[in-house]
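Undergrad: Below is the sequence, then the predicted model.
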Amino acid sequence: LAKTTQPISMDSYEGQEVNITCSHNNIATNDYITWYQQFPSQGPRFIIQGYKTKVTNEVASLFIPADRKSSTLSLPRVSLSDTAVYYCLVGPRATNAGKSTFGDGTTLTVKP
Amino acid sequence: GAVVSQHPSWVICKSGTSVKIECRSLDFQATTMFWYRQFPKQSLMLMATSNEGSKATYEQGVEKDKFLINHASLTLSTLTVTSAHPEDSSFYICSARDRASVTAYNEQFFGPGTRLTVL
């Protein structure tokens, strides 16, 4: 599985847009990029998944450049409740369901 | 839909005892379930992959005789920590793959986790 690199931590303020970038230089042709959110003492929660270009859902957007060696999770207008750890996973869709190697994640702290 | 539960949510036990943790897919059938362990302020570490009706596949470094995994039905997998010791204290999280959605957008659903504390 492709190794991922994310910033260890990020700070933001309520109402701001937050962009978290993940590097995955060894991404394979059939790999997808999936982002999860985890609150303390809870299991991870799926946020968004994409293969290329841009994907948007009701909670976030995912930007993937043409070379797919990185991806950016964009959270619009964050609130205090968005304080959590965000993980980027890369792997084939079938593998994303397991054998997923979680990287260190990015701890996002949203301040009032 | 796609809810995964774990029981218990937390457990405290004495050193040397065995603890069983259940993982259930409530509204879907899961041919495959996964068990993770997470220490404080660390990432999730995959321990094993559990397939219904077959033996679990353990990751390198995970003792299969210590962490017994049973996946007897399409909705239930259990993890038994045998002869638990304080170093086994951790947050154990399961996830499940929906049998019906092999190519679904999101194929992995996580449980809420079980906090194990071994005294």
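TA: Received it, and whenever you're ready, just let me know what you need. Numbering: from 1, shown residues only, chains lettered A, B, ... in the order given.
Undergrad: Contact residues of chain B facing chain A?
TA: Proximity of chain B to chain A, by CB under 8 Å from any CB of the partner chain, involves residues B:4, B:32, B:34, B:36, B:43-46, B:49, B:91, B:93-95, B:97, B:102-103, B:105-113, B:115. All C-beta atoms are positioned from the backbone trio N, CA, C, and that covers glycine.
Undergrad: Of the residues you listed, which belong to strands?
TA: B:4, B:32, B:34, B:36, B:44-46, B:49, B:91, B:93-95, B:97, B:109-110, B:115 (DSSP state E).
Undergrad: quick one on the thing from earlier: would you mind checking the residues of chain B next to chain A for buried ones?
TA: B:4, B:32, B:34, B:36, B:44-46, B:49, B:91, B:93-95, B:97, B:106-111, B:113 (16 or more other CB atoms under 10 Å in any protein chain shown).
Undergrad: And the ones in strands among the residues of chain B next to chain A, which is the shakiest by pLDDT?
TA: Among these, B:Arg97 carries the lowest pLDDT, at 83.
Undergrad: so it sits right up against B:Gln29, yeah?
TA: No. Counting by CB atoms under 8 Å, B:Arg97 stays clear of B:Gln29, with 9.8 Å between them.
Undergrad: ok now do B:Ala100, which residues does it touch?
TA: B:28-29 (CB atoms under 8 Å, 6 or more residues apart in numbering or on different chains).
Undergrad: What pLDDT does the model give it?
TA: With respect to pLDDT, B:Ala100 has a value of 71.
Undergrad: Am I right that it is in a strand?
TA: No. Applying DSSP: H, G, I helix; E, B strand; the rest coil, one finds B:Ala100 to be coil, outside a strand.
Undergrad: that older thread, and the ones in strands among the residues of chain B next to chain A, which is closest to B:Lys66?
TA: For these, the minimum distance to B:Lys66 (CB to CB) is 14.8 Å, reached by B:Met45.
Undergrad: Now B:Phe91. Nearest residue, chain neighbours left out?
TA: Among residues not flanking B:Phe91 along the chain, B:Gln38 sits closest, at 4.5 Å (CB to CB, 6 or more residues apart in numbering or on different chains).
Undergrad: Cross-check the contact I'm expecting between that neighbour and B:Cys94.
TA: No. Look at B:Gln38 against B:Cys94 with CB under 8 Å: they stay out of range, at 11.6 Å.
Undergrad: Any idea what B:Trp10 is bridged to?
TA: B:Arg115 (DSSP bridges).
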